[in-house]
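A.B. asks: Turn this into a model:
(one chain, ligands or ions: 1)
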Amino acid sequence: MKLNEGKVLIDGKWQDSSSGEILPSIDPSDGSQFGFIARGTSEDIKRAIQSAQKALDGKWGKIIPSERSRLLYNLSVLILENQDDLTEMEAQDVGKPISQARVDVKACARYFEFYSGAVDKIHGETIPFLEDYTVLTLREPHGVTGHIIPWNYPLQIIGRTIGGALTMGNCCVLKPGEEASKTALMLGELALQAGIPPGVFNIVPGLGVEAGEALINQSGVDHISFTGSTKVGKLVQKNAANNAVPVTLELGGKSPQIIFADADLHMAIPFLVNASIQNCGQTCSAASRVLIERPIYEYLVELLSKEFNKLQVGPAQRNLDCGPLINKKQKSRLEKYLKKAKSEGLNFAAEGKIVDDAPKGGNYVKPILIRDVPPDNVIAQEELFGPVMLTIPFEDEAEALNIANGTPYGLVSSVWTKDGSRQFQMAKKLKSGQVFINNYGAGGGVELPFGGVKLSGHGREKGFESLYGFSVTKTIAIKH
Ligand code: NAD
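C.D. replies: Sure thing, here's the model as predicted:
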């Protein structure tokens with residue numbers, strides 16, 4: 001399908017950035033340059049915002065809900081029809097194994113399908129008030145919504161954030177992550193083919209400090225949805241305050257999985273491993289802290305070690321357990337954490353292997369299991385963004401909760417136990433936006449509200465909950 005490489009999408013037209021400059025697209029699997037993207041500027045962002053404002057005043061602003069629904073559904077169908085091209089590009093651009101990229105493409109289609117069905121099902125209310133009044137509420141779009149997303153799950157995150165915003169009738173300006181913007185451009189092309197009017201979905205690739213900051217700082221944006229690191233998220237919220245613009249922050253995590261002695265371990269193991277290594281551990285909801293009740297600690301660590309020793313790492317196209325990390329910077333950041341952990345004498349219990357023919361220029365690291373990690377050690381507190389599992393023993397529920405809640409983050413957690421009463425008690429006491437019982441998987445579940453507490457952010461995307469965030473309530477009070 002058409003890629004529109006090196007272009008920005010403004011007002012339904014693919015055009016050069018005002019800088020005329022490009023940024024290289026690097027293949028994380030071999031380090032080669034395989035293409036480029038536009039280096040969008042503040043001027044491009046300004047034009048994109050203007051085009052979104054124009055679209056709000058045009059056809060899109062007047063479109064009836066059932067027609068808006070049909071356009072979103074068209075897009076979901078087109079995504080599935082083009083899933084091979086999208087999968088190949090997502091795998092190459094992000095460096096993720098091809099089967100994982102395909103899951104992301106399907107999830108992206110499912111977002112637009114789900115939201116197409118929700119368009120005409122979000123209602124206002126009538127409110128009992130004084131005798132001679134009728135009071136009602138309307139749910140209205142914010143207007144222009146700005147969306148900044150990271151490189152690790154471009155398609156899934158576009159589905160959840162742009163899908164929600166368009167459902168409520170907003171017009172969007174998207175700034176994708178500079179390391180992987182290609183599938184965002186492909187989606188922009190499909191949105192036009194689906195019949196979504198020009199200016200409703202604008203895309204300006206580029207640098208965070210340039211195009212990203214411009215999207216926050218310029219006037220004319222009515223709501224910001226930011227997905228990325230906690231460090232940048234704090235800055236985004238601060239800058240957005242200058243224009244008093246509401247912000248949704250979907251930030252980092254350090255998610256725990258708590259395994260009690262009565263858990264079904266054979267059911268748990270694939271979830272535990274996958275939650276640490278999916279997308280080579282570069283997942284906001286990576287559940288890298290595995291808390292294990294003392295009586296089964298040795299046994300489970302042994303089983304997990306066996307699994308880690310079998311893991312294979314190689315190019316995205318080989319479709320192994322892990323691909324490469326996104327870039328050299330991320331690789332050396334992870335290596336520093338691991339070096340420090342080694343120098344402190346932490347116990348590296350198992351590791352996977354990098355296949356012999358993995359290209360030398362790729363950013364490969366071995367998946368690693370580190371056991372008996374003190375809960376306050378820096379590697380158990382900070383987001384590593386690599387395929388690393390940490391095991392930590394605990395004695396009882398109280399200690400498990402203390403450790404699980406004892407980081408600055410609160411995105412996702414899980415509890416593995418057959419005890420129904422304990423399942424609920426733990427779920428209520430865990431400080432995170434989602435809790436999974438006897439399973440784990442933040443990526444799926446388009447229907448399930450998602451978001452963090454503490455430094456993992458605030459606001460919810462996914463599910464119907466997202467639609468409240470992407471709209472404002474207007475109250476109308478009528479005196480008879
Ligand atoms: P990042 O914060 O460096 O970048 C995210 C986006 O912000 C990019 O598009 C970047 O260009 C832009 N940006 C950078 N500086 C900016 C600035 N000053 N103003 C405006 N925009 C700016 O994050 P990353 O490295 O791309 O992604 C990894 C992080 O994202 C991890 O912390 C991960 O946990 C988090 N993440 C969270 C979720 C979630 O749903 N909670 C999902 C995926 C990733």
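A.B. asks: what about P197, is that helix, strand or coil?
C.D. replies: Here P197 is recorded as coil under DSSP: H, G, I helix; E, B strand; the rest coil.
A.B. asks: What count of nearby residues applies to it?
C.D. replies: A count of nearby residues for P197, using other C-beta atoms under 10 Å, gives 18. All C-beta atoms are positioned from the backbone trio N, CA, C, and that covers glycine.
A.B. asks: Spit out the contact partners of it.
C.D. replies: Contact analysis of P197 by C-beta atoms under 8 Å, 6 or more residues apart in numbering lists 12, 55, 58-60.
A.B. asks: Whichever residue of the stretch 301-450 of the chain sits closest to the ligand and K479, how far apart?
C.D. replies: The ligand sits closest to E383 of the stretch 301-450 of the chain, with a gap of 5.5 Å, by C-beta to the nearest ligand atom. Per C-beta to C-beta, to the nearest Å, E383 is found 54 Å from K479.
A.B. asks: same thing with L251?
C.D. replies: Using C-beta to C-beta, L251 is found at 45 Å from K479.
A.B. asks: who has more neighbours, the two?
C.D. replies: The neighbour comparison of L251 against K479 (other C-beta under 10 Å) goes to L251, with 25 against 9.
A.B. asks: Quick check: the gap between the more buried one and the ligand.
C.D. replies: The spacing between L251 and the ligand, counted by C-beta to the nearest ligand atom, to the nearest Å, is 5 Å.
A.B. asks: isn't that residue right next to L455, touching?
C.D. replies: Yes. The criterion here is C-beta atoms under 8 Å, and L251 meets it with L455 at 6.4 Å.
A.B. asks: Which neighbours do the two have in common?
C.D. replies: By C-beta under 8 Å, 6+ apart, the residues touching both L251 and L455 are T230.
A.B. asks: Up against the ligand, what does the chain have?
C.D. replies: 148-153, 175, 177-178, 208-209, 212-213, 216, 227-229, 232, 235-236, 250-253, 284, 383, 411 (C-beta under 6 Å from any ligand atom).
A.B. asks: Among these, which are located in helices?
C.D. replies: 213, 216, 232, 235-236 (DSSP state H).
A.B. asks: Now flag whichever of the residues you listed is closest to the ligand.
C.D. replies: The closest of these, once distances to the ligand are taken by C-beta to the nearest ligand atom, is V232, at 3.4 Å.
A.B. asks: What are the contacting residues of the strand or helix carrying S66?
C.D. replies: Following DSSP states H and E, one finds S66 within helix 65-81. Residues outside helix 65-81 that contact it (C-beta under 8 Å, 6+ apart) are 60, 63, 86, 105-106, 108-113, 115-117, 119-120, 163, 166-167, 169, 187, 190-191, 193-196.
A.B. asks: In ChimeraX, how would I select just the buried ones from those residues?
C.D. replies: To isolate the buried ones among the contacts of helix 65-81 in ChimeraX, judged by 16 or more other C-beta atoms under 10 Å, type:
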select :60,63,86,105,106,108,109,110,111,112,113,115,116,119,163,166,167,169,187,190,191,194,196
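A.B. asks: how about the nearest residue to V273, chain neighbours excluded?
C.D. replies: Leaving aside its sequence neighbours, V273 sits nearest to E307 (C-beta to C-beta, 6 or more residues apart in numbering; 5.0 Å).
A.B. asks: Just give me the neighbour total for that neighbour.
C.D. replies: If we define neighbours as other C-beta under 10 Å, then E307 has 21 of them.
A.B. asks: go on, H458?
C.D. replies: By the criterion of other C-beta under 10 Å, H458 has 17 neighbours.
A.B. asks: same question, D132
C.D. replies: Around D132 there are 8 other residues, counting by other C-beta under 10 Å.
A.B. asks: per-residue confidence at it?
C.D. replies: In this model, D132 is scored at 98, pLDDT.
A.B. asks: Report the contact partners of the spatially closest residue to it that is not a sequence neighbour.
C.D. replies: Nearest non-adjacent residue to D132, counting by C-beta to C-beta, 6+ apart: H480, 4.8 Å away. Shown in contact with H480 (C-beta under 8 Å, 6+ apart): 132-134.
A.B. asks: Check the secondary structure at I326 for me.
C.D. replies: Recorded secondary structure, I326: coil (three-state DSSP).
A.B. asks: you'd agree G362 is up against I26?
C.D. replies: No. Judged on C-beta under 8 Å, G362 makes no contact with I26 at a distance of 10.5 Å.
A.B. asks: which stretches of the stretch 151-300 of the chain have low pLDDT?
C.D. replies: Under the criterion pLDDT under 70, no range of the stretch 151-300 of the chain is flagged.
A.B. asks: follow-up on the earlier one: in the helix holding S66, what's buried?
C.D. replies: Buried, per 16+ other C-beta under 10 Å, within helix 65-81: 68-76, 78-79.
A.B. asks: Just name the closest of those to the ligand, please.
C.D. replies: Within the buried residues of helix 65-81, proximity to the ligand (C-beta to the nearest ligand atom) peaks at I79, which comes in at 19.5 Å.
A.B. asks: Go through the strand or helix carrying Q53 and flag the buried ones.
C.D. replies: Using DSSP H and E, the element containing Q53 is helix 42-57. Buried residues in helix 42-57, defined by neighbour count with 16+ other C-beta under 10 Å: 42, 44-53, 55-56.
A.B. asks: same question for the next helix-or-strand element following that helix, mean pLDDT?
C.D. replies: Using DSSP H and E, the helix or strand that follows helix 42-57 towards the C-terminus is helix 59-62. Mean per-residue pLDDT for helix 59-62: 96.
A.B. asks: Tell me which residues of helix 59-62 come out buried.
C.D. replies: Applying a neighbour-count criterion of 16+ other C-beta under 10 Å, one finds 60-61 buried in helix 59-62.
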